[in-house]
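**Student:** show me how the following folds:
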Amino acid sequence: MASKKSRLTDIKLLIATTNLGKAEEIGFFLRELPLVTVSLPEIKSKDTYQEESASFLENARGKSLFYGKNMKGLTLGEDSGLAIDFLKGAPGVRSARFSDPGATDARNIEKVLRLMEGVPLHKRGARFISCLVLSQGGQILAEITGEARGIITSAKRGQSGFGYDPIFYYPPLDKTFAELSPGEKNAVSHRGRALEQLKAFLQKHFHWTKT
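**Tutor:** Residues are numbered from 1 along each chain as shown. Predicted coordinates:
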């Protein structure tokens with residue numbers, strides 16, 4: 001479902017993801033702008049972009065241009081994941097499929113916890129990374145990166161969020177991302193920080209900034 005009822009002045013923004021949790025999070029953050037957001041399942045896209053790049057930014061750029069080729073409005077490609085210091089940056093770009101090709105969030109978390117078993121607290125540092133690429137008509141308008149640093153827990157905590165949120169502890173709030181409300185998470189997360197920059201860009205680019 002689109003983020004809100006369409007108006008003639010609204011611009012359509014395709015969020016190039018099949019992850020409904022991610023699409024809802026992005027749509028929620030941009031809800032105050034004159035945009036109608038849709039995800040790939042909503043437009044029944046039959047094409048699939050193969051994420052084979054070695055970086056989040058390259059994957060985001062590829063998705064934005066690939067899925068935006070037949071779009072009249074804007075297309076937002078996003079790639080994000082978890083980079084754990086002890087695992088030398090893994091799972092990285094393989095975050096969504098870390099445990100196996102048909103991975104689930106639960107299996108990915110189980111694999112991380114198994115690999116991190118017995119690792120002392122001072123070596124459990126990690127960061128979430130989010131790269132956004134906005135394009136229109138095959139032209140890239142903006143490339144943005146946001147990061148959030150935290151610590152990998154030894155067990156899951158919290159019921160909110162998705163992905164690795166239950167094992168990503170954020171020290172300033174003394175909670176995992178899965179223990180935060182959507183508003184709290186958006187204020188401090190990697191994606192929230194990237195989306196804040198995107199929101200500012202859109203306001204300036206389309207002259208939506210209040211005077």
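**Student:** my guess is A155 meets M116, correct?
**Tutor:** No - counting by CB atoms under 8 Å, A155 does not reach M116; the two are 10.8 Å apart. C-beta coordinates here come from the backbone N, C-alpha and C atoms, glycine included.
**Student:** the more surrounded of those two?
**Tutor:** Higher neighbour count among A155 and M116: M116, with 18 against 9, using other CB atoms under 10 Å.
**Student:** tell me the confidence at that one?
**Tutor:** You'll see M116 listed with a pLDDT of 98.
**Student:** what sits against it?
**Tutor:** I84, F86, L87, R124, I152, S154 (CB atoms under 8 Å, 6 or more residues apart in numbering).
**Student:** among those, which lie within strands?
**Tutor:** Taking DSSP state E, the ones among the contacts of M116 that sit in strands are I84, I152.
**Student:** want to throw the contacts of M116 into JSON lines with distance to P171?
**Tutor:** Shown next, in JSON lines, are the contacts of M116 (distance: CB to CB, whole Å):
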{"residue": "I84", "distance to P171": "16"}
{"residue": "F86", "distance to P171": "17"}
{"residue": "L87", "distance to P171": "20"}
{"residue": "R124", "distance to P171": "11"}
{"residue": "I152", "distance to P171": "12"}
{"residue": "S154", "distance to P171": "15"}
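**Student:** just the buried residues out of the contacts of M116, in ChimeraX syntax.
**Tutor:** Only the buried entries of the contacts of M116 go into this ChimeraX selection, using 16 or more other CB atoms under 10 Å:
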select :84,87,124,152
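**Student:** alright, I will stop here.
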